[in-house]
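> the following block contains a protein sequence and its predicted model.
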Amino acid sequence: MARYIGPKCRLCRREGEKLYLKGARCESEKCAVTKKRQSPGMHGNSRSRNRISPYGLQFREKQKAKRIYGLLEKQFGSYVNVAMKSKGVTGQQLMQKLETRFDNMVYRSGFAVSRGQARQLIRIGRFMVNNKVYNSPSMELRAGDIIKPVEFDKLQLREGFLLPDWLSANIKDKFVKFERLPKIDDLSENINLQLIVEFYTR
């Protein structure tokens, strides 16, 4: 599966906010968004976000969501197409497709400091779903599934995070259970799903 391998801090600077792509570094003084407020490139200072067009707002929101979840254009577009064909609110359907990815669930569970690290750990077989090892980060999980590390002691747990309401943790047996599908109100990232839907339906 293709993936972005360029500098992650550049993506945060382009969106003008922290996307938390590098774990603890994003919370430190070394964060590029904190140190360099302008957009990347030689004309970064001259770009005004106040004069952005409606299309530009939709495009930037799509780019931000795509980068937060670590997806490329084709894969993100396929999630949007599936959401549009599904019953219910398109924005919520899209959010549920993104949130129930295996790599995102590992990140939400606190077993990885970033979604990028979660993908790497899944690829090398460090996590089980319902007591079976899977190595596909894009696998869609369902309510009732149990996520458990193969070797808990070797993980670098994410500090200071809150477990979402739609997940529950079993501290004794060291696993996290997927209790229910998330709702739009459960989304912790600052993403305007309506703008993304408008971008693909224009």
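That came through, no problem.

> what comes into contact with stretch 79-95?
Here stretch 79-95 makes contact (Cβ atoms under 8 Å, 6 or more residues apart in numbering) with 71, 97-98, 182-184, 187, 191, 193-194, 196-197, 200-201. (C-beta placed from N, C-alpha, C; glycine too.)

> pretty sure residue 109 is touching residue 167, no?
Yes - Residue 109 lies in contact with residue 167 (Cβ atoms under 8 Å); the separation is 6.4 Å.

> any shared contact partners between those two?
Jointly contacting residue 109 and residue 167 under the rule Cβ under 8 Å, 6+ apart are residue 176.

> can you pull out the low-pLDDT segments for the chain?
Scanning the chain for pLDDT under 70 picks out 1-50.

> for the longest helix along it, what is the distance to the chain centroid?
Among the segments of the chain that qualify as a helix by DSSP state H, the longest is helix 54-68. Helix 54-68 sits 14 Å away from the centroid of its parent chain (Cα atoms, centre = their mean, to the nearest Å).

> could I get the buried residue list for whatever helix or strand comes next after that helix?
Downstream of helix 54-68, the next assigned helix or strand under DSSP states H and E is helix 73-85. Using 16 or more other Cβ atoms under 10 Å as the test for burial, helix 73-85 gives 76, 79-80, 83.
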